[in-house]
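> predicted model and sequence follow; I will ask about them next.
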Amino acid sequence: AKCAWGRDELLPATCGGQDNWGAFGFTLIDALDTLWLMGLKDEFQEARDWVANSLDLSTRKNKVSLFECNIRVLGGLLAAYDLSGDAIFLEKGRELATRFFPAFETPTGLPYPSIVVSNGRVSNTWTGDDSLLAELGTVQLEFRYLSYHTKDTSFREKAEGVY
């Protein structure tokens, strides 16, 4: 934690961190469920406070992989909510998923693979116009979970538009 708190990746050799995934705190959020399951409640609370106070999605101006951000950030937030029941995780997850919506505004419903969540700017990546099955399928879990817990069907509808 002292080396890369709130950064996307830890650089253990230098006790530093880097933000190659859009500066979302990927590692911290992805580890929330592990902290909870290991009984590290103080550390979980510190990480929870970082999410509540520092994860401002309106300031995330770097392009991010929809797939990676969905499975690691949205998935991490929803897992933390499921385990702890803390509404901040569901609120942040809902906000993030809503910011993903522009990626689904395509003629086919297949999402663009990259997005800037602060402004909704979307783009293709190394696959060009092609989509990867893992990217298309993985949104099902998180988006359906969100619809169930928020009673907002728009998340499920976006995910189902892939088929």
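Ah, there it is.

> for this protein, what spans make up the helices?
With helices called from DSSP state H, the chain shows them at 26-30, 32-37, 41-54, 66-68, 75-84, 87-100, 133-150, 154-160.

> so which bits of stretch 87-104 are buried?
Along stretch 87-104, these residues count as buried under the neighbour rule (16 or more other C-beta atoms under 10 Å): 88-90, 92-100, 102-104. (C-beta placed from N, C-alpha, C; glycine too.)

> please apply the same query to stretch 44-51.
If you call a residue buried by 16+ other C-beta under 10 Å, then stretch 44-51 has these buried ones: Phe44, Ala47, Arg48, Trp50, Val51.

> which among the residues you listed gets closest to Ser58?
Val51 (14.8 Å; C-beta to C-beta).

> ok, residues contacting stretch 35-48?
Outside of stretch 35-48, the residues within contact range by C-beta atoms under 8 Å, 6 or more residues apart in numbering are Ala1, Leu28, Ile29, Ala31, Leu32, Ala80, Leu83, Ser84, Asp86, Ile88, Phe89.

> do you know the pLDDT at the closest residue to the third one other than its chain neighbours?
Yep, that's Ile29 we're talking about. Spatially, and ignoring its direct neighbours in sequence, Ile29 is nearest to Gly76 (3.9 Å; C-beta to C-beta, 6 or more residues apart in numbering). Note on Gly76: pLDDT of 97.

> in this structure Gly76 contacts Asp30, no?
Yes: taking contact to mean C-beta atoms under 8 Å, the distance of 4.6 Å between Gly76 and Asp30 places them in contact.

> more crowded one of these two?
Gly76 (27 against 20; other C-beta atoms under 10 Å).

> contact partners for that one?
When the contact criterion is C-beta under 8 Å, 6+ apart, the partners of Gly76 are Ile29, Asp30, Ala31, Leu32, Asp33.

> what is the burial count for the fourth one?
Residues lying near Leu32 (other C-beta under 10 Å) number 25.

> how near is it to Phe67?
Plainly put, Leu32 is 19 Å away from Phe67 if you go by C-beta to C-beta, to the nearest Å.

> try the second one
Summarising the geometry, the distance separating Asp30 from Phe67, computed by C-beta to C-beta, is 14 Å.

> ok, now the third one?
Ala31 is 19 Å from Phe67, where distance means C-beta to C-beta.

> check the first one too.
Computed with C-beta to C-beta, the distance linking Ile29 and Phe67 is 15 Å.
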